[in-house]
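In: Next come a sequence and a model predicted from it.
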Amino acid sequence: MTKSDIQVMPQFFDRYINLADNIDCIDALTQTASYASLIPIETAEALGQLRYAPDKWTIKDIMQHIIDNERIMTYRAMRFARNDKTALPGYDEVHFGNVANANRRSIADLYDEYAVLRQASICLFKSFDDEMLLRNGICFNQTISALALGYVVVGHAIHHANIVRERYVPLIS
């Protein structure tokens, strides 16, 4: 199924969904299965501990946030695909970022975790049939389908890669 098969486009999440190509969900997940396809590892390593403003995250914080978010979105997708009607809460990304200690990790370690997690996400989405993908649930006070959550995963990584290219990369140029 493709992005155009999403029956209800949820507010807030649409900004991520719209960044993904209108291709099969598995193909979209596969295209961004390596974070190096979005930001070369050499660029991330050159950024090190740089921040474009005092209160902003480092590249390692951003990577950890993308990983945490993917885990949460795929968990939500699994619940909805399994026809769980429990409304799921949002999460506090700032709190997660403050306690994750991402800066003690290496860039290579974060890139590896991202790749392994994405492979698990691809396997999960391959297990869903069309009926499961179109099942809706409530999260962050929005109706959203398992299919839409797959595109959120893709678009969220693209969103942050765009920020890195626009606001961080100029710091090393």
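Out: Yep, that arrived.
In: quick one, longest helix in the chain?
Out: helix 59-81 (DSSP state H).
In: what's the following helix or strand after that one?
Out: helix 93-99 (DSSP states H and E).
In: what comes into contact with that following helix?
Out: 57, 61, 64-65, 68-69 (Cβ atoms under 8 Å, 6 or more residues apart in numbering). No exception for glycine: its C-beta is placed from N, CA and C like everyone else's.
In: Closest one to residue 167 out of those, please.
Out: residue 57 (10.7 Å; Cβ to Cβ).
In: Can you report phi and psi for the closest one?
Out: phi -80, psi 160 (degrees, to the nearest 10).
In: nearest spatial neighbour of it, skipping sequence neighbours?
Out: Nearest residue to residue 57 in three dimensions, chain neighbours excluded: residue 97, at 6.2 Å (Cβ to Cβ, 6 or more residues apart in numbering).
In: likewise residue 6?
Out: Distances taken as Cβ to Cβ, 6+ apart put residue 148 closest to residue 6, at 4.8 Å, once the chain neighbours are dropped.
In: buried stuff in whichever strand or helix holds that neighbour?
Out: Residue 148 belongs to helix 146-163 when assigned by DSSP H and E. Along helix 146-163, these residues count as buried under the neighbour rule (16 or more other Cβ atoms under 10 Å): 146-161.
In: now the residue most central in space within the chain: how far from residue 130?
Out: The centroid of the chain falls nearest to residue 153 when counting by Cα atoms, centre = their mean (3.5 Å). Relative to residue 130, residue 153 is positioned 18 Å away (Cβ to Cβ, to the nearest Å).
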